[in-house]
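# After the sequence you'll find the predicted model.
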Amino acid sequence: MPNFARILICLFFLSATTAYAQLGDLARIDYTYIPNAKSDVEYTRFRALFNYPIKLKDNDTYLFLGLDYSNIHLRSEIEFPFDTRDLNDFQLLDFNFGYTTPLKNDWRLGIQFRPGFSTNLVADALSIKDVVLSGTVLFIRKGAEYNGKRTKLILGVSYAGNSGFNFPLPLVSYYKKFHPDWSYSIGIPKTNLQYHFTEKHRLKAYAQLDGFTSNLQRDVPIIEGKAARSINMSLILSGLQYEYYFTKNLQFYARAAYIFALNNELRDESRETLFSLDNEAKIYLRTGVKFKI
């Protein structure tokens with residue numbers, strides 16, 4: 001099967017992880033590192049997310065207000081055939097507006113709208129081209145209980161303007177704890193198999209997407225008079241995640257993964273690729289703390 005076809009299949013089965021995870025996180029701080037071993041570019045990302053729930057009714061209807069901020073830094077020790085001063089630091093900020101309410105027959109509706117900006121902030125002010133829009137609509141149904149946990153079915157759709165995958169993506173997931181020490185979540189956006197050592201210690205095998213898209217406020221001349229106006233980085237990866245639960249809702253996690261596919265591209269105003277910065281990185285590391293529902 002051609003590599004392009006493999007990537008399309010992986011995109012379909014692993015898409016929209018970032019948007020999906022945000023829906024259950026009230027607060028999160030994490031740090032991601034992709035070393036430049038065998039590649040041209042080193043990637044680091046600091047991220048902080050906060051959502052505040054406001055109860056609207058007695059029937060578990062909530063409004064969520066929050067912020068999601070990322071600082072991304074790209075560093076290279078090689079010389080490119082163009083000026084890279086505007087390609088080092090990127091700022092991403094989303095304003096989160098969420099709503100969830102119970103429906104009939106154990107279903108729950110969740111809606112999230114996230115306007116924001118994604119830019120390298122080298123100009124004096126923001127412009128309309130820095131603005132990104134994201135959103136998620138999903139339906140959640142909890143089912144029968146197995147080994148102390150109810151099954152969970154999720155159906156929906158998500159679009160994230162700064163995720164690295166700029167098209168609507170389906171959300172389909174089924175969770176079940178099929179053994180006292182084992183659980184799985186299968187579907188779209190994520191598939192994982194989790195082993196529960198104890199209530200506090202867990203190990204998870206997972207697959208997911210990552211990446212970002214950012215506007216370039218000033219043209220970056222590349223070739224033959226053409227200039228880059230945006231940068232897009234997308235990854236398909238799989239690995240292991242260790243989780244330690246301080247409480248039922250407060251969790252530390254550390255991930256180590258292998259990158260199966262990476263695209264790091266400079267694009268023109270029509271989103272056509274002008275130059276690929278790096279496609280060789282293979283190691284992906286992330287650690288963080290989160291408080292979730």
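Nice, thanks for sending it over. Numbering: from 1, shown residues only.

# What's opposite Gly187 in the beta bridge?
Following DSSP bridges, Gly187 is listed with bridge partners Ser173.

# Quick one: residues contacting it.
The contact partners of Gly187, taken as C-beta atoms under 8 Å, 6 or more residues apart in numbering, are 154, 172-174. Backbone N, C-alpha and C define where each C-beta goes, glycine included.

# buried subset of those residues?
154, 173 (16 or more other C-beta atoms under 10 Å).

# Show me what counts as buried in stretch 72-89.
Judged by neighbour count using 16+ other C-beta under 10 Å, the buried positions of stretch 72-89 are 72, 74, 76, 84, 86-87.

# one step back: looking at the contacts of Gly187, which is nearest His201?
Nearest to His201 out of the contacts of Gly187 is Ser173 (C-beta to C-beta; 23.7 Å).

# Do you know the pLDDT at that closest one?
Per-residue confidence (pLDDT) for Ser173: 91.

# One more: Val41?
86.

# List just the nearest of the buried residues of stretch 72-89 to Lys129.
For these, with Lys129 as the reference and C-beta to C-beta as the criterion, the closest is Asp86, at 14.1 Å.

# So Lys149 versus Tyr175, what's the distance?
Remark: distance between Lys149 and Tyr175 (C-beta to C-beta, to the nearest Å) = 8 Å.

# any residues in contact with both of those two?
Counting by C-beta under 8 Å, 6+ apart, the shared contacts of Lys149 and Tyr175 are Ser183.

# Compare these two (neighbour count), which wins?
Tyr175 (19 against 14; other C-beta atoms under 10 Å).

# Now do the same contact list for the more buried one.
149, 151-153, 183-185 are the contacts of Tyr175 under C-beta under 8 Å, 6+ apart.

# Recalculate using a threshold of 7 Å.
151-152, 183, 185 (C-beta atoms under 7 Å, 6 or more residues apart in numbering).

# Any chance of CSV for those residues, columns pLDDT, distance to Tyr253 and neighbour count?
As requested, these are exported to CSV (pLDDT from 0 to 100; distance: C-beta to C-beta, whole Å; neighbours: other C-beta atoms under 10 Å):
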residue, pLDDT, distance to Tyr253, neighbour count
Thr151, 92, 23, 15
Lys152, 92, 20, 14
Ser183, 94, 16, 20
Ser185, 91, 15, 18
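
# Go through these and name the one nearest Pro168.
Once C-beta to C-beta is applied, the member of the contacts of Tyr175 that ends up nearest Pro168 is Ser185, at 21.3 Å.

# can you confirm that closest one is in a helix?
No: Ser185 is assigned strand when assessed by DSSP: H, G, I helix; E, B strand; the rest coil, not a helix.

# Quick check on the residue with the largest distance to the centre of the chain: phi, psi?
Relative to the centre of the chain, the most outlying C-alpha is that of Glu224, 34.6 Å out, by C-alpha atoms, centre = their mean. Phi and psi for Glu224, reported as degrees, to the nearest 10, are phi 50, psi 40.

# Would you enumerate the residues in contact with it?
For Glu224, the contact set (C-beta under 7 Å, 6+ apart) is empty.

# distance of it from Arg267?
Counting by C-beta to C-beta - Glu224 and Arg267 are separated by 15 Å.

# Count the residues that sit near Gly225.
Residues contacting Gly225 under the criterion other C-beta under 10 Å number 6.

# What of Lys177?
When neighbours are defined as other C-beta under 10 Å, Lys177 has 18 of them.

# Kindly report the same for the one 5 residues further on.
Around Trp182 there are 13 other residues, counting by other C-beta under 10 Å.
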